[in-house]
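>>> predicted model and sequence below, questions to follow.
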Amino acid sequence: MMTTPTFARTKNRPREPQRTHARRYACQTNSAGFSLFETLVVLALIAITATLAASAASPRSSSARLHSAVAQLVADLKETRMRAMLTGAAMEIQIDGDRYMVATADIERTLPKRITIESTTETIIIDPHNIAGQLEISVSDGEASAIVEIAALTGEIRVRAP
């Protein structure tokens with residue numbers, strides 16, 4: 001009688017499926033915590049929300065209001081000058097204490113609280129070919145002020161603080 005070697009008996013046993021790298025470590029990555037990426041995203045959202053809430057809650061300073069009003073005035077003056085050059089017609093800007101209006105372009109701006117605007121004339125006429133003389137518009141908030149100058153020949157707009 002011939003005996004069969006022990007390794008021959010294992011040949012008929014079903015083989016275990018080979019584990020891949022991902023299957024081998026799958027049980028180790030399924031943890032109950034959060035990933036680093038998820039944590040960073042949540043922290044970024046909290047920081048953005050806190051920043052927005054803080055900026056909305058704090059009142060804007062008077063210098064920020066003044067800067068904003070001057071920037072809007074300069075943008076409107078440049079737009080008015082460009083429209084005058086495109087249409088070939090003179091454009092009027094009427095100034096009245098706390099607001100100004102571009103009459104022919106239907107732009108009316110009311111300045112923020114405590115911001116006033118003054119000019120050497122109540123009506124500024126921007127001619128596409130020439131501006132009659134040097135114009136100065138003063139924008140102030142009681143504490144600080146800025147002067148917007150419109151050059152006589154070129155129509156260049158400059159801002160200076162007195």
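Great, that's in hand.
>>> where in this structure is pLDDT low?
Where the chain drops to pLDDT under 70, the residues are 1-31, 56-60, 62, 104-105, 130-133, 162.
>>> in it, which spans are helices?
Ranges of helices in the chain, per DSSP state H, are 6-9, 21-29, 36-57, 62-87.
>>> what packs against the longest one?
Helix 62-87 makes packing contacts with strand 91-96, strand 99-102, strand 107-110, strand 123-126, strand 135-140, strand 145-150, strand 157-160 when contacts are defined by 3 or more C-beta pairs under 8 Å, 6 or more residues apart in numbering; DSSP states H and E. Glycine gets a C-beta too; all of them are placed from N, C-alpha and C.
>>> same thing but 7 Å
Applying 3 or more C-beta pairs under 7 Å, 6 or more residues apart in numbering; DSSP states H and E, we find helix 62-87 packed against strand 91-96, strand 107-110, strand 123-126, strand 135-140, strand 145-150, strand 157-160.
>>> most packed of the helices of the chain?
Of all these, helix 62-87 has the most neighbours on average by mean count of other C-beta atoms under 10 Å, namely a mean of 16.
>>> returning to that earlier point: next, format the helices of the chain as a markdown table and append distance to D106.
Formatted as a markdown table, the helices of the chain follow (distance: least, C-beta to C-beta, whole Å):
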| stretch | distance to D106 |
| --- | --- |
| helix 6-9 | 97 |
| helix 21-29 | 63 |
| helix 36-57 | 31 |
| helix 62-87 | 11 |
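>>> what's the closest of those to H129?
helix 62-87 (8.7 Å; C-beta to C-beta).
>>> what angle sits between the closest one and strand 135-140?
150 degrees (axes from the mean of the first three to the mean of the last three C-alpha atoms, to 10 degrees).
>>> which phi and psi does the closest residue in space to R65 that isn't next to it in sequence have?
Excluding the flanking residues, the one nearest R65 by C-beta to C-beta, 6 or more residues apart in numbering is P112, at 4.5 Å. When read as degrees, to the nearest 10, the backbone of P112 gives phi -60, psi 170.
>>> quick one: residues contacting P112.
By C-beta atoms under 7 Å, 6 or more residues apart in numbering, the contact set of P112 is R65, S68, A69.
>>> between those, which is closest to T49?
Nearest to T49 among the contacts of P112, with distances taken as C-beta to C-beta, is S68, at 24.3 Å.
>>> can you tell me how far that closest one is from A144?
Counting by C-beta to C-beta, to the nearest Å, the separation of S68 from A144 is 13 Å.
>>> does A90 touch H129 like I think?
No - contact between A90 and H129 fails when scored by C-beta atoms under 7 Å: they sit 9.1 Å apart.
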